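> need a 3D model of the sequence below.
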Amino acid sequence: MNDTKLWIALSRIEGVGIASLKAIHEALSNLHLSLYDIVELDPKAIAHETGLSIELSQLIAKIAVTIEKIENEYEDLIDRNIDPVLFFDSRYPEKILKNVDYPPPVLYYMGNTDIIKSRKVAILSDHNASERGYHIAFHAAAIAAQHSVTVVSGLAKGPQTMAHRGAVEAGGNTIAVLPMGMNALTIPDVLKNTVNMSQWLFISPFNPQEDYALHNSYKRNSLIAAMVDALIIIETGNSAGSFEAAKTACKYNTPLFVVEYAQYPQSASGNPVLIKEYRATPLRGRIQNDVLVPNMDACIAKIKWGDSN
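Numbers count the residues shown, from 1 in each chain. Below is the predicted model:
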């Protein structure tokens with residue numbers, strides 16, 4: 001039996017959180033054992049073989065109750081080229097494990113998994129942004145891609161989809177983090193002709209069958225803020241999801257850049273608040289090839305060298 005299936009099944013058992021999973025993994029690793037080696041034992045035998053508490057051993061013994069459902073789900077994932085990445089896998093972003101109090105034990109990947117190791121900038125915005133916001137997101141992503149920095153965003157219409165498009169059209173890579181399970185993934189029409197899996201990675205922190213929910217968007221944004229080397233806010237209101245993502249970036253010490261306008265559109269009412277009260281670095285424009293584009297120099301320097309000077 002595939003050990004990944006067993007870990008997924010264990011993570012779904014009521015009462016099992018990331019702390020329990022880490023404790024179990026550490027104990028098994030120290031003994032050079034896998035879940036497969038002990039899953040058919042009774043709780044007392046598991047505790048004896050591993051040194052784990054009887055409570056944790058009882059949870060492991062419950063895998064047998066959930067594994068049949070996970071078997072079917074897992075086979076479907078493999079058929080669709082979706083890769084479950086466990087919290088101890090080297091492809092799991094270390095920054096999420098370091099920054100997030102309760103990181104998801106499994107991330108589901110589809111696309112080029114090598115992209116996850118690259119330097120990353122998140123570009124987030126409220127979907128009801130101005131036309132100028134669309135323009136800025138596209139060019140910010142394109143400039144990042146030209147510097148071999150991967151763009152990370154959601155799939156909401158507006159600047160987020162434009163960020164993905166800007167990165168891909170500039171020959172770079174992009175990561176879309178979903179606010180739902182992989183089964184509910186729908187590629188927006190504006191991106192369908194850009195989806196070359198060598199340049200894309202889709203990530204979901206949710207069970208494959210989970211539908212979209214607003215609170216999932218907030219959790220998704222928090223994970224994005226945790227996993228990247230810098231976050232750019234294009235336009236946000238004072239209480240929108242992007243605003244909360246910016247606050248989360250400050251909590252995680254993720255460098256925060258916010259577009260500064262000479263005259264802010266209504267959809268960017270939260271931008272000056274982030275610059276003034278949260279000390280975000282203003283992202284300003286400059287003329288390049290007769291086109292006004294965002295000046296990404298400080299952001300790229302911070303991502304690559306940890307220095308904005």
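> so how far is residue 110 from the closest residue to residue 73 other than its chain neighbours?
What sits nearest to residue 73 in space, not counting adjacent residues and going by C-beta to C-beta, 6 or more residues apart in numbering, is residue 208, at 6.3 Å. All C-beta atoms are positioned from the backbone trio N, CA, C, and that covers glycine. To residue 110, residue 208 is 11 Å away according to C-beta to C-beta, to the nearest Å.
> so residue 107 makes contact with residue 205?
Yes - between residue 107 and residue 205 there is a contact under C-beta atoms under 8 Å: 5.6 Å.
> that older thread, overlap in contacts, residue 208 and residue 110.
Taking C-beta atoms under 8 Å, 6 or more residues apart in numbering as the criterion, residue 208 and residue 110 both touch 82, 182.
> mind checking how far the nearest residue to residue 17 once chain neighbours are set aside is from residue 210?
Once flanking residues are discounted, residue 17 sits nearest to residue 102: 6.8 Å by C-beta to C-beta, 6+ apart. Using C-beta to C-beta, residue 102 is found at 16 Å from residue 210.
> residue contacts, residue 80?
So residue 80 contacts 110, 182 (C-beta under 8 Å, 6+ apart).
> strands of this structure, start to end?
Ranges of strands within the chain are 83-86, 106-111, 120-124, 150-153, 174-177, 200-204, 230-233, 256-259, 281-283, 285-288, 291-294, based on DSSP state E.
> as JSON lines, those strands with distance to residue 45 and mean neighbour count would be great.
Conversion of the strands of the chain to JSON lines gives the following (distance: least, C-beta to C-beta, whole Å; neighbours: other C-beta atoms under 10 Å):
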{"stretch": "strand 83-86", "distance to residue 45": "24", "mean neighbour count": "19"}
{"stretch": "strand 106-111", "distance to residue 45": "27", "mean neighbour count": "22"}
{"stretch": "strand 120-124", "distance to residue 45": "44", "mean neighbour count": "28"}
{"stretch": "strand 150-153", "distance to residue 45": "45", "mean neighbour count": "29"}
{"stretch": "strand 174-177", "distance to residue 45": "41", "mean neighbour count": "25"}
{"stretch": "strand 200-204", "distance to residue 45": "36", "mean neighbour count": "23"}
{"stretch": "strand 230-233", "distance to residue 45": "48", "mean neighbour count": "29"}
{"stretch": "strand 256-259", "distance to residue 45": "51", "mean neighbour count": "27"}
{"stretch": "strand 281-283", "distance to residue 45": "57", "mean neighbour count": "18"}
{"stretch": "strand 285-288", "distance to residue 45": "66", "mean neighbour count": "12"}
{"stretch": "strand 291-294", "distance to residue 45": "61", "mean neighbour count": "16"}
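> now the ones you listed as TSV including distance to residue 3?
Formatted as TSV, the strands of the chain follow (distance: least, C-beta to C-beta, whole Å):
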stretch	distance to residue 3
strand 83-86	9
strand 106-111	13
strand 120-124	29
strand 150-153	29
strand 174-177	26
strand 200-204	21
strand 230-233	35
strand 256-259	39
strand 281-283	44
strand 285-288	51
strand 291-294	45
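> a markdown table please, covering those and showing distance to residue 68 and mean pLDDT.
A markdown table is the format used below for the strands of the chain (distance: least, C-beta to C-beta, whole Å; pLDDT from 0 to 100):
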| stretch | distance to residue 68 | mean pLDDT |
| --- | --- | --- |
| strand 83-86 | 17 | 97 |
| strand 106-111 | 18 | 98 |
| strand 120-124 | 38 | 98 |
| strand 150-153 | 36 | 98 |
| strand 174-177 | 30 | 98 |
| strand 200-204 | 23 | 98 |
| strand 230-233 | 41 | 98 |
| strand 256-259 | 46 | 98 |
| strand 281-283 | 51 | 97 |
| strand 285-288 | 57 | 85 |
| strand 291-294 | 52 | 85 |
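> for residue 13, which of those strands is the nearest?
strand 106-111 (13.1 Å; C-beta to C-beta).
> show residues contacting the closest one.
With C-beta under 8 Å, 6+ apart, strand 106-111 has contacts from 7-8, 11, 77, 80-87, 91-93, 116, 181-182, 185, 197, 200-206, 208.
> per-residue confidence for residue 308?
Note on residue 308: pLDDT of 43.
> ok, residue 270 touching residue 240?
Yes - between residue 270 and residue 240 a contact is recorded at 6.7 Å, counting by C-beta under 8 Å.
> measure how buried residue 192 is and give me the count.
8 (other C-beta atoms under 10 Å).
> who touches it in this structure?
Residue 192 neighbours (C-beta under 8 Å, 6+ apart): none.
> ok so, going back, what number of residues lie near the residue nearest to residue 73?
Burial of residue 208 is recorded as 21 neighbouring residues (other C-beta under 10 Å).
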